[in-house]
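Q: okay, predicted coordinates and the sequence, questions at the end:
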Amino acid sequence: MTGRGDKGLLVTTGTFTAEARREATRDGAPPLELIDGDRLCDLLKLYELGVETTIRTVEEVSIDSSYFSDLWLAE
């Protein structure tokens, strides 16, 4: 990359090792931006590139067993 550009960009759908992250920020190394899978998904959503986001509401229902046990005792 030296002498061929001002900045490098590495993209993966996975993750980068700690060593790769250290190398990308090492003093004297050419500027290098690492984009992992999580960041890639965030960017695709942000710029609406090939993805559509739908927000859903989830309802959680729990049973109050004391209510039902009181019903059976009343008979």
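A: In hand now; what should we look at? Residues are numbered from 1 along each chain as shown.

Q: spatially central residue in the chain, please.
A: Geometric centre of the chain, nearest residue: residue 38, 3.7 Å, by CA atoms, centre = their mean.

Q: output the lowest-mean-pLDDT helix or strand in the chain as PDB - backbone C-alpha positions only.
A: Lowest on mean pLDDT, DSSP states H and E among the helices and strands of the chain sits helix 65-74, with a mean of 74. C-alpha atoms of helix 65-74 as PDB (Å, rounded to 0.1, in the frame of the first residue of the first chain):
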ATOM      1  CA  SER A  65     -50.800 -18.200  38.300                       C
ATOM      2  CA  SER A  66     -52.300 -16.900  41.600                       C
ATOM      3  CA  TYR A  67     -55.300 -15.600  39.600                       C
ATOM      4  CA  PHE A  68     -56.000 -19.000  38.200                       C
ATOM      5  CA  SER A  69     -55.400 -20.900  41.500                       C
ATOM      6  CA  ASP A  70     -57.900 -18.600  43.200                       C
ATOM      7  CA  LEU A  71     -60.500 -19.500  40.500                       C
ATOM      8  CA  TRP A  72     -60.100 -23.300  41.200                       C
ATOM      9  CA  LEU A  73     -60.400 -22.800  45.000                       C
ATOM     10  CA  ALA A  74     -63.700 -20.900  44.600                       C
END
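
Q: so how far is it from its chain's centroid?
A: Distance, stretch centre to chain centre, for helix 65-74: 45 Å (CA atoms, centre = their mean, to the nearest Å).

Q: begin at 51 from now on, thanks
A: Okay, using 51 as the starting number, the last item reads as helix 115-124.

Q: which stretches of the chain have low pLDDT?
A: In the predicted model, the chain carries pLDDT under 70 at residues 51-52, 122-125.

Q: again, only using 90
A: The chain contains residues with pLDDT under 90 at 51-57, 78-81, 115-125.

Q: what about the strands in it?
A: 58-61, 82-85 (DSSP state E).

Q: next, the contact list for residue 99, please.
A: residue 93 (CB atoms under 8 Å, 6 or more residues apart in numbering). Heads up, the C-betas are built off the backbone N, CA and C, glycines and all.

Q: thank you kindly, that will do.
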